[in-house]
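> here is my input, please return the structure:
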Amino acid sequence: MVGFVFGGTTLFTLAHVWFCVGETTGRTNTEIDRFFLEHIPFREWRTHVFPPLDEILKDGSEEVINFSHEELEKVS
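Model (predicted):
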């Protein structure tokens with residue numbers, strides 16, 4: 001009986017990981033933080049390309065994009 005509970009839980013967990021966890025291979029921690037801050041759906045993580053920093057700052061602002069863990073906790 002324990003095997004049925006363990007097996008069912010394992011199948012549920014595998015399905016959740018397969019469908020609900022984004023691909024982060026080759027991404028930096030800053031990029032992963034930006035995914036969450038910019039609310040990009042996890043299905044788009046694999047192919048999403050962030051614009052270079054110079055394009056973001058073309059409007060003349062001098063703001064540098066740098067996120068700390070405290071800022072991430074405030075957002076979530």
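> next one: Ala15 from Val21, what distance?
According to C-beta to C-beta, to the nearest Å, Ala15 and Val21 sit 11 Å apart. Every residue, glycine included, has its C-beta placed from N, CA and C.
> and if you look at Pro51?
To Val21, Pro51 is 25 Å away according to C-beta to C-beta.
> same thing with Arg27?
Distance, Arg27 to Val21, using C-beta to C-beta: 13 Å.
> quick one: which of these two has more around it?
Arg27 (17 against 10; other C-beta atoms under 10 Å).
> so which residues of the chain form helices?
Along the chain, counting by DSSP state H, helices occupy 2-20, 29-37, 53-56, 69-75.
> now do the first one, average pLDDT.
Spelled out, that is helix 2-20. In this model, helix 2-20 has a mean pLDDT of 91.
> repeat that for the second one.
For helix 29-37, mean pLDDT rounds to 87.
> send me it as CSV with only the CA atoms.
This file holds the C-alpha atoms of helix 29-37, laid out as CSV (Å, rounded to 0.1, in the frame of the first residue of the first chain):
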residue,chain,number,x,y,z
ASN,A,29,21.3,34.4,-11.8
THR,A,30,20.5,37.9,-12.9
GLU,A,31,18.6,36.6,-16.0
ILE,A,32,16.6,34.2,-13.8
ASP,A,33,15.8,37.1,-11.4
ARG,A,34,14.6,39.2,-14.4
PHE,A,35,12.3,36.4,-15.5
PHE,A,36,10.4,36.7,-12.2
LEU,A,37,10.5,40.5,-12.0
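> can you mark which positions in it are buried?
Neighbour counts over helix 29-37 (16 or more other C-beta atoms under 10 Å) mark 33-35 as buried.
> let me have these in a markdown table, extended by distance to Thr47.
What follows is those, written out as a markdown table (distance: C-beta to C-beta, whole Å):
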| residue | distance to Thr47 |
| --- | --- |
| Asp33 | 18 |
| Arg34 | 15 |
| Phe35 | 12 |
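> which one among these gets closest to Pro41?
Nearest to Pro41 among these: Phe35, at 9.0 Å, using C-beta to C-beta.
> cool, thanks, signing off.
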